[in-house]
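A.B. asks: sequence? don't have it. structure:
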């Protein structure tokens, strides 16, 4: 009696069939709209990630990068791959959520943030003895959050350590969060730092640089989806840089509404250089620096 193929063998045969039938009919790496929706549906079903409100252009670029990496020629091939390989799904999620960052990205904007927001906040907290709270939303591998911690340290100008903030650093991607928790980086991530800053805020082991504990201890890392989870509240500063640009307009509106809810009156919002407030939020924030995208919540 013939043996019936197992589910795994059936999947493998389907996978091989897709490769053989599509490799000759496609001239290059390409994913179509339906394949994108199939891939996103699989990710949501199997991994509980909902990318429905992310811009399709950025998702398409991410999937095509993964196709090119694996020398695949269609989204259907890639669908079968991620269905069988959870690690590849994790890599795609990291790509879509933009895992890569570096320290002191846009130094001029950070300089403005320090003088226009951080120094006034630290002075205020020293007077009223209230704890300072900040949130780095979409922290990727932690570079952005630790940059904020360094900036607060430099802005403190000798204030006791207790006045420096707790910085909540969040992201949806677990691979990014693991990197942030390790606080271990290579040369390319530190390219915008001066030799003095590298020596002051990092210690080196082999080819890796580790964030010093006096900077690291002020950063609290955790998983959070800014589109679906309740916002962190009672915040003096929210840094949400280069997150909105990947979201559709409706998702941008929801994100900014949640951010507005989380910031105290008089608290600050820091966006990326190419981002801005949507029209319906412009009467809820005053512009502190349009060039550096720094805004203050109106009382």
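C.D. replies: Looks like it arrived, so ask away. Please read these numbers as outputs of a predicted model, since none were measured by experiment.
A.B. asks: residue ranges of the helices in the stretch 101-250 of the chain, please?
C.D. replies: Assigned by DSSP state H, counting those that start in this stretch, the helices in the stretch 101-250 of the chain fall at 107-113, 119-128, 143-156, 174-182, 195-201, 213-216, 249-262.
A.B. asks: quick check: mean pLDDT across the shortest one?
C.D. replies: In this case it means helix 213-216. The pLDDT scores in helix 213-216 average 95.
A.B. asks: just checking, what packs against that helix?
C.D. replies: With contacts taken as 3 or more CB pairs under 8 Å, 6 or more residues apart in numbering; DSSP states H and E, helix 213-216 sits against helix 143-156. For glycine as for every other residue, the C-beta is placed from the backbone atoms N, C-alpha and C.
A.B. asks: what residues does the helix it packs on touch?
C.D. replies: Helix 143-156 has contacts (CB atoms under 8 Å, 6 or more residues apart in numbering) with 101-105, 110, 113-115, 118-119, 122, 134, 136, 138-139, 163-165, 167, 169, 180, 183, 185, 189, 197, 201, 211, 214-216, 218-219, 221, 237, 239, 241.
A.B. asks: which regions of the stretch 101-250 of the chain sit below the pLDDT cut-off?
C.D. replies: Counting by pLDDT under 70, the stretch 101-250 of the chain shows low-confidence ranges at 126-130, 158, 162.
A.B. asks: Kindly recompute the last result at 80.
C.D. replies: 101, 125-130, 158-163 (pLDDT under 80).
A.B. asks: Read off the pLDDT value for residue 18.
C.D. replies: On the pLDDT scale, residue 18 gets 45.
A.B. asks: Dump the helices of the stretch 101-250 of the chain into TSV; add distance to residue 231 and mean neighbour count as well.
C.D. replies: Listed next are the helices of the stretch 101-250 of the chain as TSV, based on distance: least, CB to CB, whole Å; neighbours: other CB atoms under 10 Å:
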stretch	distance to residue 231	mean neighbour count
helix 107-113	20	17
helix 119-128	19	15
helix 143-156	17	23
helix 174-182	18	18
helix 195-201	29	14
helix 213-216	24	16
helix 249-262	4	18
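A.B. asks: Which one, of the ones you listed, ends up nearest to residue 57?
C.D. replies: helix 249-262 (13.3 Å; CB to CB).
A.B. asks: So which bits of the helix or strand just after the closest one are buried?
C.D. replies: Next in sequence after helix 249-262, counting helices and strands by DSSP states H and E, comes strand 263-271. Of the residues in strand 263-271, 263, 267-271 count as buried by neighbour count, 16 or more other CB atoms under 10 Å.
A.B. asks: among those residues, which two are most distant?
C.D. replies: So, those by CB to CB: farthest apart are 267 and 271, at 13.9 Å.
A.B. asks: re earlier: can you tell me which of the buried residues of strand 263-271 is closest to residue 61?
C.D. replies: residue 271 (21.8 Å).
A.B. asks: per-residue confidence at that closest one?
C.D. replies: 95.
A.B. asks: what pairs with it across the strands?
C.D. replies: residue 240 (DSSP bridges).
A.B. asks: Please report how far it lies from residue 298.
C.D. replies: Computed as CB to CB, to the nearest Å, the residue 271 to residue 298 distance reads 16 Å.
A.B. asks: hmm, back to that, separate out the buried members of the contacts of helix 143-156.
C.D. replies: By 16+ other CB under 10 Å, those give 101-105, 110, 113-114, 118-119, 122, 134, 136, 138-139, 163-165, 167, 169, 180, 183, 185, 189, 201, 211, 215-216, 218-219, 221, 237, 239, 241 as buried.
A.B. asks: For stretch 216-227, which outside residues touch it?
C.D. replies: With CB under 8 Å, 6+ apart as the criterion, stretch 216-227 contacts 50, 53, 136-139, 142, 145-146, 149, 152, 164-172, 174, 177, 180-181, 183, 232, 240, 243, 247, 251, 254-255, 258.
A.B. asks: do stretch 60-72 as well
C.D. replies: When contacts are defined by CB under 8 Å, 6+ apart, stretch 60-72 is touched by residues 29-31, 36, 39, 73-75, 77-78, 81, 88, 91-92, 95-96.
A.B. asks: which two from those residues end up farthest apart in space?
C.D. replies: Across the contacts of stretch 60-72, no pair lies farther apart than 73 and 96, at 20.6 Å, counting by CB to CB.
A.B. asks: quick revisit: for residue 290, which of the helices of the stretch 101-250 of the chain is the nearest?
C.D. replies: Nearest of the helices of the stretch 101-250 of the chain (CB to CB): helix 107-113, 10.6 Å.
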